[in-house]
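Asker: Here you go, sequence then predicted model.
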Amino acid sequence: MHNVYLAQFNITYGGDRQFTYVPYSVGTVWASASNSPEVRDHFRLAGVITEKQDPEVLAQSMINPAVFAVSVYVWNVTYTLEVCRVIKRTHPSCTIVVGGPSVPDACDQWLADHPWVDVVVQGEGETAFTQVMQDLAQQGHTDPVHRAPRMRDLTQVPSPYQQGVFDQWVQDLDVNTWSINAVLETNRGCPFGCTYCDWGSATLGKVACFDQSRIREDIEWMALNRVEWVQLADANFGAFRERDAWVADQLIAAKQKWGWPRLCNISWHKSQNDHMVEIADRLIASGMLKEYTASLQSQSTTVLAAIKRRNITDQQLDRIKQLGEERGFAIHTELITPLPGETVDSITDTMETLTQRGIKFSLFPLQILVNAEMAQPHYREKHGLVTHTHTLAEPHAWTKEQEEHVIETNTMTRTEFEQVMLMAMVLQMYNNTGFTNVITRFLHRAHAVAYTEFMRLMMLWFESRPQSVVHQHLEPVWNHVERRTTSHCYVGLWNVPQYNALCTTQRDQFYHELQEFVHHTWPHCEHVADVFALQQHSQIHSRQPSTINLTLASNLWDYVINDQPWTHTPHQHIIQSPGMPAQFASLGHFRNFNKSTGRYRTNITCQPVQSHEINQIHHAISQ
């Protein structure tokens, strides 16, 4: 029997307990291949590897490897190819098989550049990899490129979960150190052909579905193996109304019965409608889903035509937002820049409009994927795409993963792109996370200050003040295009230390410096002290519950947050903070987890101060 090793290397992240993904892609192709009698008679699965480590150590740990099969994507391709090179040098007779989205469809030059790779598997790998393994079993060699036609009948694809491919891998993990994430695939295929995406290009056409019994048993495996987070691999979840509602109910039922899985992440169908909100509502109510995401990418009709994308209308988006608010959850959306045809004015207008409508967003830099239409030379030339490569924000000990980002187009200069990314980052990091939202909403309502203009001026102010809190937070991304640190503009887990500091050690300094900026920029603005007092108390920033009575010169909270008329008489603001829920490791993790939903807020009620109380207040002041 010959030894087969599978590898699908993760980006690991987290604190005391790190997150890791079950290597679903390589597990699926092995589950298919091992159903072949020839493969079973000649090969055995000797190991499944996901953790990045010194390639030399990894190669030495392998025992007589006959086949090393890997899946590569943007977060692991550089490291994986280095591992393959070292393994080929250490074990020359080992057949190196590489598949995954980061293998180019036109791969002749790629193979020439990586001579230690023996075989490439393209597209849906189950059939192609099975043929590779059968060839090796029967004749000891195979063709260098294998690409199978699109599968229409998914009943022929066995579940790696149910076949026990990952059982030993899970047993070897220390649950006190690792939090397990898993992929759940209920259908396969994407009918959309967005030019920036390689999903539709790989499986364009009719969507094929897996059997429901397989889905139910996969979810049960995840529950019994204490999978914490489930990533649904469907490109357009919610497209099948009754079926996808059933999938959601299966996840909820598993959590209720076993306590696992605890959370899920979903790529929703591009065409949003009421029943998708209903599904999301059930998942959110169960605690399995943090937020509902209605991805837009852009609101410019010129851009949408260039990227072959069709979005929901503004009316549909407002309807989705209304339905979410009725059920008590917020709507989040995603944008990409600089897409072809996008201008600095159009993307700024989009960010401003979404913020005014109370829809939080994430802005991602446009990345070129090797098999997307956007990567083709004619497309790049047509839209004036200028790119550069830089390393991922996630540090790696042995290699640096590279991303190719667009930094300039026919309609957006690199300077404009740099400023747009910074503006979006500041808006997401401070406003969407509750550190400036009362201030910006007050200025917008009382003085017609645009949210994006506030953030632009705020950046300019603090850029020249290197000792300030904001400057220190943004230091890694000043001049991010030239420094190739655009990936640091992502707002996520890596901001947890900053959120911790803003809740604790840097809190007073941050608001003192911010108040100075507001006084200087809008010198005629009244009630600034009251606004800042309310801002500081409007968010949970302590582990312990508390109640604070704050008397201000007006009904400021009702005016700013509840859109009531402004009444310039003293009002008492009763602020009740439940404190940080116990399941969060820190205030920063709590704030990051709830940044899109707004569940970091305290409960504030506002009521007029009675006349005799006003006299008491005035008397106390005179004393």
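Answerer: Structure's in. What do you need? Predicted model, so just to flag it, every value in this text is computed and none were measured.
Asker: so Val120, which of the three states?
Answerer: strand (DSSP: H, G, I helix; E, B strand; the rest coil).
Asker: Quick check, it in contact with Gly99.
Answerer: Yes. Using Cβ atoms under 8 Å, Val120 is in contact with Gly99, at 7.1 Å. Yep, even glycine has a C-beta here, placed from its N, CA and C like the rest.
Asker: quick check, His332 in a strand?
Answerer: Yes. Counting by three-state DSSP, His332 falls inside a strand.
Asker: Identify the bridge partners of it.
Answerer: Thr293, Lys360 (DSSP bridges).
Asker: OK, contacts around it?
Answerer: Shown in contact with His332 (Cβ atoms under 8 Å, 6 or more residues apart in numbering): Glu291, Tyr292, Thr293, Ala294, Ile359, Lys360, Phe361, Ser362, Ser596.
Asker: mind putting these in CSV, distance to Glu278 and pLDDT included?
Answerer: Listed next are the contacts of His332 as CSV, based on distance: Cβ to Cβ, whole Å; pLDDT from 0 to 100:
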residue, distance to Glu278, pLDDT
Glu291, 15, 84
Tyr292, 11, 88
Thr293, 16, 87
Ala294, 14, 82
Ile359, 19, 89
Lys360, 21, 89
Phe361, 23, 90
Ser362, 24, 90
Ser596, 20, 80
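Asker: Relative to Gln109, which of those residues is nearest.
Answerer: Ser362 (34.9 Å; Cβ to Cβ).
Asker: Before we go further, that closest one is sitting in a strand, right?
Answerer: Yes. According to three-state DSSP, the state of Ser362 is that of a strand.
Asker: Skipping adjacent residues, who's closest to it in space?
Answerer: Distance criterion Cβ to Cβ, 6 or more residues apart in numbering; nearest residue to Ser362, sequence neighbours excluded, is Glu334 at 5.2 Å.
Asker: re earlier: looking at the contacts of His332, which has the most residues close by?
Answerer: Within the contacts of His332, most neighbours by other Cβ atoms under 10 Å means Tyr292, with 27 neighbours.
Asker: how close does it get to Leu323?
Answerer: 9 Å (Cβ to Cβ, to the nearest Å).
Asker: who touches both of the two?
Answerer: Common neighbours of Tyr292 and Leu323 (Cβ under 8 Å, 6+ apart) are Val277.
Asker: and the longest helix along the chain, average pLDDT?
Answerer: Looking across the chain with DSSP state H, the single longest helix is helix 241-258. Confidence for helix 241-258, expressed as mean pLDDT, is 97.
Asker: now the very next helix or strand once past it, how far from the centre of its chain.
Answerer: Where DSSP states H and E defines the elements, the next helix or strand beyond helix 241-258 is strand 263-265. Distance, stretch centre to chain centre, for strand 263-265: 12 Å (Cα atoms, centre = their mean, to the nearest Å).
Asker: Give me the contacts around strand 263-265.
Answerer: With Cβ under 8 Å, 6+ apart as the criterion, strand 263-265 contacts Leu184, Glu228, Trp229, Val230, Gln231, Leu232, Leu251, Leu283, Gly287, Met288, Leu289, Lys290.
Asker: again, but for stretch 218-225
Answerer: 159, 161-162, 166, 170, 180, 182, 184, 230, 250-251, 254-255, 257-261.
Asker: Tell me the buried residues within those residues.
Answerer: When the contacts of stretch 218-225 are checked for burial by 16 or more other Cβ atoms under 10 Å, the buried set is 159, 161, 166, 170, 180, 182, 184, 230, 250-251, 254-255, 260-261.
Asker: of all the residues you listed, which comes closest to Arg601?
Answerer: Lys255 (25.9 Å).
Asker: does the closest one really touch Pro261, like I thought?
Answerer: Yes. Between Lys255 and Pro261 there is a contact at 6.3 Å, judged by Cβ under 8 Å.
Asker: still on that earlier bit, report pLDDT for the residue nearest to Ser362.
Answerer: Note for Glu334: predicted pLDDT of 89.
Asker: for the one 4 residues further on, same thing?
Answerer: Reading off the per-residue confidence, Pro338 sits at a pLDDT of 96.
Asker: my guess is it meets Leu366, correct?
Answerer: Yes. If you go by Cβ under 8 Å, Pro338 and Leu366 touch, sitting 6.0 Å apart.
Asker: Between the two, point out the one with more neighbours.
Answerer: Between Pro338 and Leu366, counted using other Cβ under 10 Å, Pro338 has the larger neighbour count: 30 against 22.
Asker: residues contacting the more buried one?
Answerer: Per Cβ under 8 Å, 6+ apart, neighbours of Pro338: Ile347, Leu366, Val406, Ile407, Glu408, Thr409, Thr411, Met412, Glu416, Phe417, Val420.
Asker: nearest to His388, of the residues you listed?
Answerer: Lowest distance from His388 to the contacts of Pro338 (Cβ to Cβ) belongs to Ile407, with 5.8 Å.
Asker: Pull out the buried residues from the host helix or strand of the closest one.
Answerer: Using DSSP H and E, Ile407 sits in strand 402-408. Buried residues in strand 402-408, counted by 16+ other Cβ under 10 Å: Glu403, Glu404, His405, Val406, Ile407, Glu408.
Asker: now, which of the contacts of strand 263-265 lie within strands?
Answerer: Taking DSSP state E, the ones among the contacts of strand 263-265 that sit in strands are Leu184, Trp229, Val230, Gln231, Leu232.
Asker: Relative to Thr602, which of these is nearest.
Answerer: Trp229 (28.3 Å).
Asker: all helices in the stretch 151-300 of the chain, in order from the N-terminus.
Answerer: Applying DSSP state H, counting those that start in this stretch to the stretch 151-300 of the chain gives helices spanning 167-171, 199-203, 212-224, 241-258, 274-285.
Asker: Can you name every helix or strand that the last one contacts?
Answerer: Where contact means 3 or more Cβ pairs under 8 Å, 6 or more residues apart in numbering; DSSP states H and E, helix 274-285 is packed against helix 241-258, strand 292-293, helix 314-327.
Asker: which residues sit against the second one?
Answerer: Same thing as strand 292-293. 266, 268, 276-277, 280, 284, 320, 324, 329-334.
Asker: Same question for the first one.
Answerer: When contacts are taken as Cβ under 8 Å, 6+ apart, the neighbours of helix 241-258 outside the stretch itself are 184, 186, 209, 212, 215-216, 219-220, 222-224, 230, 232, 234, 237-238, 260-262, 264, 275, 278-279, 282-283, 286-288.
Asker: Turn the buried ones among those into a named ChimeraX selection, would you?
Answerer: Per 16+ other Cβ under 10 Å, the buried members of those correspond to this ChimeraX selection:
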select :184,186,209,215,219,220,222,223,230,232,234,237,238,260,261,262,264,279,282,283,286,288
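Asker: still on that earlier bit, give me the common contacts of Pro338 and Leu366.
Answerer: Common neighbours of Pro338 and Leu366 (Cβ under 8 Å, 6+ apart) are Val406.
Asker: In this structure the residue nearest to Ser362 contacts Asn311, no?
Answerer: No. Assessed by Cβ under 8 Å, Glu334 is found out of contact with Asn311, at 11.5 Å.
Asker: which residues do the two both contact?
Answerer: In contact with both Glu334 and Asn311: Leu296, Gln297, using Cβ under 8 Å, 6+ apart.
Asker: Neighbour count: those two, which is higher?
Answerer: Asn311 (21 against 13).
Asker: on that earlier part again, okay, and the common contacts of Lys255 and Pro261?
Answerer: Ala223, Met288.
Asker: who's in contact with Gln607?
Answerer: Neighbours of Gln607 in contact, by Cβ under 8 Å, 6+ apart: His571, Gln572, Ile574.
Asker: Pretty sure it sits in a strand.
Answerer: Yes. Counting by three-state DSSP, Gln607 is part of a strand.
Asker: bridging residues for it?
Answerer: Gln572.
Asker: Could you do Cys209 as well?
Answerer: The partner residues for Cys209, given DSSP bridges, come to Asn187.
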